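Participant: Build me a structure from this.
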Amino acid sequence: MLPEMERLISAFKLRLRMHSPFFATLALFAGYRQREDIPTAATDGKDIFFNPDFFSELPAGQADGVLLHEVLHAALLHNLRRGSRVPQLWNIAADIVVNGLIVKEGVFELAEGAIECPEHAHLSVEEIYELLLRKRIPAPPLAQLDLLAPEGADSRPEKVRAELESYWERARQQAFVVSRSSRAGKTPEGLTREFGALDPAQLDWRAHLWGYLVQTPSDFSGFDRRFVGRGLYLEALEGESLRVHLAVDTSGSIEDRELELFLGEVRGVLGSYPHLECDLYYADAALHGPYQLHADSEFPPPVGGGGTSFVPFFERMEQERAPLTGSRSASTSPTATATFRSNPPPIPCCGSSPPEVWTSRNFPLGRRSG
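Facilitator: Here you go, the predicted model:
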C-alpha cells in the first residue's frame, strides 16, 4: 500500500475512534487494500478495497464516510445476506441503510452522488429490497456495485459463510463492549433492525403464522386463573379445538401473488392440523363472508377491490363474543391506509403484512409478521 494511503487509513481509524468507539472497533476488524480496477471503493465482506486516485481527491470527511460505508457493509454481512436476490436492487437497499446510519451520526460526510432515502433508512436491507422489488419506492441510480462476492464463495460457500458470520459476530460483540466501557461511547442509533436481520433464529411470516395457529392441545398457555387466587399455580392447557377467524385484505392495492402465498400457507396449516376450524372473511371497505374452510376446501374467489377497513371484521367478532372462547383471528396484508378499531380486539390477533405497513405506528394488531 502506498505510504500516503496508509496514513489516510490510520487517520480514518483515529477520527472514527474519537467520534464512535463502536464503529471504530468494527473498522479495526476490516482489512484495507488498494485496487486500481475499482472506480471508488468496495468490499468482499472481509476486506475493504479502495482506489487510491479516487481517495486522493476526496476531502477527509468524505473519505472517512466512504470507508465507513464499506466497513458497515462488511460488518452487517450485506454480501452474504443477498442470497439469490437481484444484485443491483440489493446493493441500493444496503446503501440506503448504511448511508442512513452514517448521516445519523452527524459527523462524517457522504460522497457526492451517494444514495439516500431518509424515510426508509430505519428499515432492514431485506425490507427495503422488498419495497424496491415491488416498486413501492423508486430505485435511485446506482453508480457502482460495491458488494463483491466473498473470496472462495464459489468453491466452498458454506465454509466461507460460517467463517464470515463468526468473524463479524466477534467484531460486533467487541464493539458493544468497547462502546459501553467508553465515556464517549454509545451504540449508534438505527442498528436495531439490521442486528435483528442478522439473527439466524428469526422467523419469517410463514413460521409466525404456523406457530400462532397450531398450538397443540398439550401446549402450555399460562396458569389457570381460576386457581391463582388460592395460591395454586396450575397449568392451563389449550382446548382440543381452535376456531380461527381469518380476515384477508382484498382491497385494490393487494397483489394476487400476496393473496396466493398467504392462502397457500393457510391451506397447509389446515391440512396438517384437522382440529382447526376456520372461518374466512374478505375485507375491503365492507366485510364479505364467513366462508367455512377445511383442508380440502376450495377457496372462494376474492371479493373486494375498494378501500380497506377492518372495523366491520372486529365488530363481527364483538357481536359473537360469547362463542369466541378458544378463538383467534389472523389478518393478512392490510395496507398502510387500512382502518382499525381504536379499542383492543376481543380475541387474540396475529397480522401478516408487507414491511411498509407493520413498521407503521397505525398497525395495532398484537402480533405482527412481515
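Participant: what number of residues lie near E163?
Facilitator: 15 (other CB atoms under 10 Å). (Each C-beta comes from the backbone N, C-alpha and C, glycine too.)
Participant: quick one: which helix or strand includes it?
Facilitator: helix 157-181 (DSSP states H and E).
Participant: got it, and V266?
Facilitator: helix 256-272.
Participant: Which strands and helices lie in contact with that helix?
Facilitator: If you count contacts as 3 or more CB pairs under 8 Å, 6 or more residues apart in numbering; DSSP states H and E, helix 256-272 packs onto helix 205-213, strand 242-249, strand 276-283, strand 327-332.
Participant: Check which element follows the last one along the chain.
Facilitator: For strand 327-332, the succeeding helix or strand toward the C-terminus, using DSSP H and E, is strand 349-352.
Participant: Give the other helices and strands that that next one contacts.
Facilitator: Using 3+ CB pairs under 8 Å, 6+ apart: strand 349-352 touches helix 205-213, strand 327-332, strand 367-369.
Participant: Please repeat the previous calculation with a cut-off of 6 Å.
Facilitator: Applying 3 or more CB pairs under 6 Å, 6 or more residues apart in numbering; DSSP states H and E, one finds that strand 349-352 makes contact with strand 327-332, strand 367-369.
Participant: Show me the protein divided up by domain.
Facilitator: Domain assignment for the chain, taken from automatic domain parsing, gives 3-198, 205-369.
Participant: any idea which of the helices and strands packed on helix 256-272 scores lowest on pLDDT?
Facilitator: Mean pLDDT is lowest for strand 327-332 among the helices and strands packed on helix 256-272, at a mean of 55.
Participant: and S155, how many neighbours?
Facilitator: For S155, using other CB under 10 Å, the count is 8.
Participant: distance of it from A94?
Facilitator: 25 Å (CB to CB, to the nearest Å).
Participant: next one: G152
Facilitator: Distance from G152 to A94, by CB to CB: 21 Å.
Participant: quick one: which of those two has more around it?
Facilitator: More neighbours surround A94 than the other of G152 and A94, with 27 against 12 (other CB under 10 Å).
Participant: Just the pLDDT for V214.
Facilitator: 54.
Participant: V178 too?
Facilitator: 83.
Participant: Could you list which residues are in contact with it?
Facilitator: P21, T25 (CB atoms under 6 Å, 6 or more residues apart in numbering).
Participant: Distance check, it against G271.
Facilitator: Taking CB to CB, one finds V178 at 51 Å from G271.
Participant: any idea whether the closest residue in space to L280 that isn't next to it in sequence is helix, strand or coil?
Facilitator: Once flanking residues are discounted, L280 sits nearest to Y291: 4.4 Å by CB to CB, 6 or more residues apart in numbering. Under DSSP: H, G, I helix; E, B strand; the rest coil, Y291 falls in the strand class.
Participant: in the protein, what secondary structure element scores lowest on mean pLDDT?
Facilitator: Lowest by mean pLDDT, DSSP states H and E among the helices and strands of the chain is strand 235-237, with a mean of 44.
Participant: before we move on, back to that, please tell me I have it right and the residue nearest to L280 contacts D279.
Facilitator: No: at 7.1 Å, Y291 and D279 do not qualify as touching, with contact defined as CB atoms under 6 Å.
Participant: if you skip the residues just before and after it, what's nearest to F54?
Facilitator: T40 (5.1 Å).
Participant: contacting residues for that neighbour?
Facilitator: N51, F54, Q144.
Participant: Redo the residues you listed as CSV? Include distance to L80.
Facilitator: Formatted as CSV, those follow (distance: CB to CB, whole Å):
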residue, distance to L80
N51, 24
F54, 26
Q144, 20
